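1. Structure of the sequence below:
(chains A and B)
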Amino acid sequence: MKRPRLIIVGAGQAAAQLIASLRADGFEGPVTLVGEEAYPPYQRPPLSKAFLKGEIGLDRVILKADSFYEEAGVELRLGRRAVAIDRDRRMLRLDSGERLGFDRLVLATGSRVRRLSCPGHDLSNIFYLRGIDDVEAIRPHLVAGARLAVIGAGYIGLEVAAVARGLGLEVTVLEAAPRVMMRVTAPQMSSFFEAVHREAGVRIACGTMVEAIEGAGRAEAVRLADGRRVEADVIIVGIGIVPAGVALAEAAGLACDNGIAVDALTRTSDPRILAIGDCTSHPSLLYGHRVRLESVQNAIGQAKTAAAHLLGRDQPYDEVPWFWSDQYALKLQIAGLNAGYDRVVLRGDPATRAFAAFYLSGGVLIAVDAVNRPPDYMLGRKAIGERARPDPERLADPDIPLKDILS
Amino acid sequence: MPKITYIDHAGKERTIEVPVGLTVMEGAVKNNVPGIDADCGGACACATCHVYVDERFMDKVGKAEGMETSMLDFAEDVAPNSRLSCQIRVTPELDGLVVRTPKSQH
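-> The predicted structure follows:
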């Protein structure tokens, strides 16, 4: 098979990287890209930051020039959904009824938002933030003086809160967990971000479940389990994402395990079909168990791994995961996954708004959260990959150069 | 539209018209110029868009500041004319700009 026909399902950042890597390294087969949204691949991180704020336009969110796909010889099928994979006949069926033949298939279906299910969840004026169209729908509501209730205090919720405060809205953040960003960060980091938001004028209520959204046709208030009622002109929900495309994969008999299960080469249980990015779970060589990552880094890393595999140059995927979040003038950079940590070492004083949290498990550095401290993040990321065992006492002393501690 | 020339480590040149307001990094990524990965999309969070600015343009482009300086520390083979291309905004004055990409980003 000299020129295998490749179909990529899902037109996100992973797909764009896969195409770029494949063409740069000499993949000659015809490529078709199927995407549900009307847009060619674009960056999602700015959607809850600069794009929401209106600082940057669509031109800067879209990843590639239109000519890129033309020059790469990629056929775009946008606004189309893949509905079935026939593995025996090697055919992909689209919602238009059309059938496309493939030799290799890559699922890059990303993730979709988790939705509210409480009474009133279907009222108007409740928004989720995942795509460009979501932001376009939200923007007209972000006017100074309006009351915004944000449900969920994860990255998305807090980034939205920061942008909305900047635009002059009255913002209340509601979180079921006892503290903000609980899933990803240590209590010290949560307290810091909570304080920053409060200082900016955001009201935060943690440890309280949303019981219902009230209103007649249009959402007017959030009723909490503790009886409180938070009035709102607009509600934005950020309660996490779930892998997309799992039903499609399962129906085709592909193994799924908290996402489409792939190996370190991005192969699904059918080696002719690969899967990359948010929709997958993969065996982490670093952490020794299967993980599902929701990040640009993983989308790009697995795309490069898949491209190498399709070109016959296997290179197992083994990267330290990394993430970032911008809130107000703070840049939070995260390397590694902190699950299972038994010790947190703070480096620097949170009061200076430049500090880092180092997470250790059995003495091994497994993750770093750095606020306005890029060197801690960059050195930490490298040290995590090296399974470093830094001395906690020295780590806590900002006068000792990190380079000396982590090398 | 300002023209920017990207020269890779092997000497291959690519000249691209980049709209004013985009960054030098975006001009490269959108047009598939190799050697500039910019994994973080321009958030100054990854140091994978390191370029060497042609000396003739150093005055117009300016030196790295603040967060960019700290991130540049982690790029490889940093020189006095090193910049992170995600932090160079294209202006009409930068027409004709030449940047070189380091070997480590290929």
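
2. from memory A:Phe27 sits against A:Ala307, does it?
-> Yes - counting by CB atoms under 8 Å, A:Phe27 does reach A:Ala307; the two are 7.1 Å apart. Bear in mind the C-beta positions are built from the backbone N, C-alpha and C, glycine included.

3. Settle it for me: which of these two has more neighbours?
-> Using other CB atoms under 10 Å in any protein chain shown, the more surrounded residue of A:Phe27 and A:Ala307 is A:Ala307, with 25 against 19.

4. In three-state terms, label the more buried one for me.
-> Reducing the assignment at A:Ala307 to three states with DSSP: H, G, I helix; E, B strand; the rest coil gives helix.

5. what about the closest residue in space to it that isn't next to it in sequence, which helix or strand?
-> Nearest non-adjacent residue to A:Ala307, counting by CB to CB, 6 or more residues apart in numbering or on different chains: A:Ser21, 3.6 Å away. Under the criterion of DSSP states H and E, A:Ser21 resides in helix A:13-24.

6. And that helix, what's buried?
-> A:13-23 (16 or more other CB atoms under 10 Å in any protein chain shown).

7. Tell me how many other residues crowd residue 56.
-> In the absence of a named chain, this looks at chain A. 18.

8. if you could check chain B rather than the one you did, that'd help
-> Around B:Arg56 there are 10 residues (other CB under 10 Å).

9. tell me the SS of the closest residue to it other than its chain neighbours?
-> Distance criterion CB to CB, 6+ apart; nearest residue to B:Arg56, sequence neighbours excluded, is B:Val98 at 7.7 Å. Following three-state DSSP, B:Val98 is assigned to strand.

10. Please report how far A:Leu332 lies from A:Val171.
-> 19 Å (CB to CB, to the nearest Å).

11. swap that for A:Trp324, sorry
-> Distance from A:Trp324 to A:Val171, by CB to CB: 22 Å.

12. can you confirm A:Glu250 is in a helix?
-> Yes - using three-state DSSP, the secondary structure at A:Glu250 is a helix.

13. Skipping its backbone neighbours, what lies nearest it in space?
-> Using CB to CB, 6+ apart, the nearest residue to A:Glu250 is A:Cys256, at 5.4 Å.

14. Count the residues that sit near the one you found.
-> Neighbours of A:Cys256 using other CB under 10 Å come to 19.

15. Provide the partner residues of it in its beta bridges.
-> The partner list for A:Cys256 in beta bridges (DSSP bridges) reads A:Ile260.

16. List the contacts of the closest residue to A:Ile239 other than its chain neighbours.
-> Nearest residue to A:Ile239, sequence neighbours excluded (CB to CB, 6+ apart): A:Gly152, at 4.1 Å. With contact set as CB atoms under 8 Å, 6 or more residues apart in numbering or on different chains, A:Gly152 has these partners: A:173-175, A:237-240.

17. Kindly report the residues of chain A close to chain B.
-> A:20, A:23-24, A:43, A:45-46, A:59-60, A:62-65, A:67-68, A:71-72, A:296-297, A:300, A:322, A:324, A:326, A:331, A:333, A:372, A:374-375, A:377-379 (CB under 8 Å from any CB of the partner chain).

18. For these, which PyMOL command selects only the ones that are buried?
-> The buried residues among the residues of chain A next to chain B can be selected in PyMOL (16+ other CB under 10 Å) with this line:
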select buried, chain A and resi 20+23+43+45+46+60+62+63+64+65+68+72+296+297+300+322+324+326+331+333+372+374+375+377+378+379
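
19. Show the backbone phi and psi for the nearest residue to A:Ser48 once chain neighbours are set aside.
-> Using CB to CB, 6+ apart and skipping residues adjacent in sequence, the residue nearest A:Ser48 is A:Glu159, 4.2 Å away. Main-chain torsions, A:Glu159, degrees, to the nearest 10: phi -70, psi -40.

20. so how many other residues sit close to A:Glu159?
-> A:Glu159: 23 surrounding residues under other CB under 10 Å.

21. Same check on B:Lys12?
-> Neighbour tally, B:Lys12, other CB under 10 Å: 12.

22. about what we covered before: what about the residues of chain A next to chain B, which are in helices?
-> With DSSP state H as the criterion, helices contain A:20, A:23-24, A:59-60, A:67-68, A:71, A:296-297, A:300, A:374-375, A:377-379 from among these.

23. closest to A:Gln188 among those residues?
-> Nearest to A:Gln188 among those: A:Tyr377, at 16.4 Å, using CB to CB.

24. Isn't the closest one up against A:Phe358?
-> No - counting by CB under 8 Å, A:Tyr377 does not reach A:Phe358; the two are 10.7 Å apart.

25. Overlap in contacts, those two.
-> What both A:Tyr377 and A:Phe358 touch, as defined by CB under 8 Å, 6+ apart, is the set A:Val368.

26. Next up, the contacts around A:Arg89.
-> A:Gly101.

27. returning to what we had before: and the gap between the residue nearest to A:Ala307 and B:Asp37?
-> When distance is defined by CB to CB, A:Ser21 is 10 Å away from B:Asp37.

28. returning to that earlier point: so the residue nearest to A:Glu250 sits right up against A:Ala247, yeah?
-> No - contact between A:Cys256 and A:Ala247 fails when scored by CB under 8 Å: they sit 9.1 Å apart.

29. quick one: the helices in chain A?
-> Taking DSSP H as the criterion, chain A carries its helices at A:13-24, A:50-53, A:58-61, A:66-71, A:132-138, A:155-166, A:187-199, A:246-251, A:296-310, A:374-385, A:392-395, A:402-406.

30. okay, those helices in CSV with mean pLDDT next?
-> As requested, those are arranged in CSV below (pLDDT from 0 to 100):
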stretch, mean pLDDT
helix A:13-24, 95
helix A:50-53, 95
helix A:58-61, 92
helix A:66-71, 92
helix A:132-138, 98
helix A:155-166, 98
helix A:187-199, 98
helix A:246-251, 98
helix A:296-310, 97
helix A:374-385, 93
helix A:392-395, 96
helix A:402-406, 90
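
31. Redo the ones you listed as TSV? Include distance to A:Asp226.
-> Output for these, formatted as TSV (distance: least, CB to CB, whole Å):
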stretch	distance to A:Asp226
helix A:13-24	40
helix A:50-53	30
helix A:58-61	39
helix A:66-71	52
helix A:132-138	28
helix A:155-166	19
helix A:187-199	18
helix A:246-251	35
helix A:296-310	37
helix A:374-385	37
helix A:392-395	39
helix A:402-406	43
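
32. quick one: which of those is nearest B:Pro19?
-> helix A:58-61 (7.4 Å).

33. For stretch A:50-66, C-alpha coordinates in CSV please.
-> C-alpha atoms of stretch A:50-66 as CSV (Å, rounded to 0.1, in the frame of the first residue of the first chain):
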residue,chain,number,x,y,z
ALA,A,50,-8.3,36.6,25.0
PHE,A,51,-11.0,35.6,22.5
LEU,A,52,-13.8,35.9,25.1
LYS,A,53,-12.4,39.3,26.1
GLY,A,54,-12.5,40.4,22.5
GLU,A,55,-8.8,41.0,22.5
ILE,A,56,-8.2,38.8,19.5
GLY,A,57,-10.4,37.8,16.6
LEU,A,58,-11.2,34.7,14.7
ASP,A,59,-8.2,35.1,12.5
ARG,A,60,-5.9,34.5,15.4
VAL,A,61,-7.8,31.6,16.9
ILE,A,62,-8.0,29.6,13.6
LEU,A,63,-4.7,27.6,13.5
LYS,A,64,-3.8,27.5,9.9
ALA,A,65,-4.3,29.6,6.8
ASP,A,66,-6.9,28.2,4.4
